[in-house]
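Participant: I need the structure of the sequence given here:
(one chain, ligands or ions: 2)
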Amino acid sequence: MRLLVCGGAGFIGSTFARQRVVEYGDEVTVLDKLTYAGREENFQDIRDDAGFRFIRGAIEDAEAVPAAIRASQPEAIVNFAAETHVDRSIAEPDAFVRTHALGTYVLLEAAREHGMRYVQVSTDEVYGSIEEGTFTEESPLRPSSPYSATKTGADLLVQSYFHTYGMPALICRGSNNYGPYQYPEKLIPLMILNALHGDPLPVYGDGMQVRNWIHATDFARAIGHVLEHGEEGEVYNAGGPDECPNIDVVNRIVELTGASADQIEYVTDRPGHDRRYSLSSEKVRALGWSAQVRFEEGLAETVSWYRENEWWWEPIRSGDYRAYYERQYGRALG
Ligand code: NAD
Ligand code: DAU
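Facilitator: Ligands and ions are numbered 1, 2, ... in the order given. I've put the predicted structure just below:
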């Protein structure tokens, strides 16, 4: 297939782009604004592949998007482009509104003009928090942060383009992703790098919040299944095979890195913190998908990847990320 992958310089988008070029022989054009989270290093191993091309541009730019479509002549658009960190959405929501509302609208208009298949990459956070049981695609939408509320708005807009214009649009909602190339503001890479550097490991609240972990290669493959086999207008959840309380994740990282448990520090909780996420994936399983990576094995491999790829994270950890960390955690990185 010829694909336009928006947000393909980020963590999951670059994993998807790599998978489609290397494993499926697709022609992939990445359109990405290169925010702090978007990095050309994320796709440097496929950069020279004949099936890969990169265009820098924002999805809310009503000139850049049609130009990227003219240049790449895609059969489908897959939209990963987003602001993705809940803590940043609490501190500064404006970019979340712009990218998720305006950006999704501009992409949808361009896709509609060409009658193109469109997959919106979304999140379990649109359902809010669940104490027991698991969310299905029929669960009510109850987002709780500016991040999840604006992602929900984008999903509703996508669905309206199917209902109103008959646009062949689909949505794939994932649970918490982890794996190589994840920006170190997120729990797992933050804890791995802090552990390796002897920095404190800041656990929010009581650390008993539960997340449903999925390896990014598994989520990327689920999105590919939805793109190829999903029914137009439908939503598909893709949850990971394992759930784990945050404190257990952090303790396991302490073991895997050889850090000290004394580095763990309980800090002020995130405002409006969702207690638990859990996704049922029956519908996407019926399309032939299943998760391949269990959390225990995937976490160990992820720790090894961060250990071995200092070239990737060192420029982040010595750059603007330091200032972000100080603002967010009220202390400097060591
Ligand atoms: P990320 O923060 O690593 O990457 C986001 C990418 O989008 C970056 O390359 C950034 O430059 C780009 N981008 C941001 N705003 C843009 C704009 N206006 N125009 C063009 N490009 C823009 O994010 P990620 O973790 O890879 O998440 C990708 C998608 O998957 C997001 O839509 C997110 O909501 C969804 N998702 C993420 C997770 C997770 O655990 N990380 C789970 C479920 C769903
Ligand atoms: O569920 C899918 C979502 O997962 C995605 O849609 C989001 O883009 C992604 O960022 C992620 O959201 P979370 O808020 O769950 O991820 P985060 O890595 O920020 O936090 C995971 C858990 O760890 C959460 O309960 C908060 C906690 N945490 C996080 C950080 C950064 C800490 O205890 N300490 C920390 O320093």
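Participant: going forward, measure contacts between C-alpha atoms and count neighbours the same way
Facilitator: OK.
Participant: where does Leu31 sit: helix, strand or coil?
Facilitator: Classification of Leu31 into helix, strand or coil gives strand, according to DSSP: H, G, I helix; E, B strand; the rest coil.
Participant: ok, it to ligand 1 distance?
Facilitator: Remark: distance between Leu31 and ligand 1 (Cα to the nearest ligand atom, to the nearest Å) = 6 Å.
Participant: now do His114
Facilitator: Here the criterion is Cα to the nearest ligand atom. By it, His114 lies 20 Å from ligand 1.
Participant: so what's the residue count around that residue?
Facilitator: The local packing count at His114 equals 15, with neighbours defined by other Cα atoms under 10 Å.
Participant: pLDDT at it, what is it?
Facilitator: Per-residue confidence for His114 comes out at a pLDDT of 94.
Participant: now do the same contact list for the residue lying farthest from the centre of the chain.
Facilitator: With distances taken as Cα atoms, centre = their mean, the residue sitting farthest from the centre of the chain turns out to be Asp262, at 30.6 Å. Taking Cα atoms under 8 Å, 6 or more residues apart in numbering, we find Asp262 in contact with no residue.
Participant: kindly report the same for Phe11.
Facilitator: Contacts here follow Cα under 8 Å, 6+ apart; on that basis Phe11 touches 37-38, 42, 180-183.
Participant: tell me which parts of the stretch 151-300 of the chain are close to ligand 1?
Facilitator: Residues of the stretch 151-300 of the chain found near ligand 1, taking Cα under 6 Å from any ligand atom as the criterion, are 174-177.
Participant: all helices for the chain, in order.
Facilitator: 11-24, 64-72, 86-91, 94-97, 104-113, 146-165, 187-197, 216-229, 246-257, 282-285, 295-308, 310-317, 321-329 (DSSP state H).
Participant: rebuild these as a markdown table, extending it with distance to Val203.
Facilitator: Formatted as a markdown table, the entries for the helices of the chain read as follows, by distance: least, Cα to Cα, whole Å:
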| stretch | distance to Val203 |
| --- | --- |
| helix 11-24 | 23 |
| helix 64-72 | 40 |
| helix 86-91 | 13 |
| helix 94-97 | 25 |
| helix 104-113 | 33 |
| helix 146-165 | 20 |
| helix 187-197 | 9 |
| helix 216-229 | 23 |
| helix 246-257 | 7 |
| helix 282-285 | 32 |
| helix 295-308 | 18 |
| helix 310-317 | 19 |
| helix 321-329 | 11 |
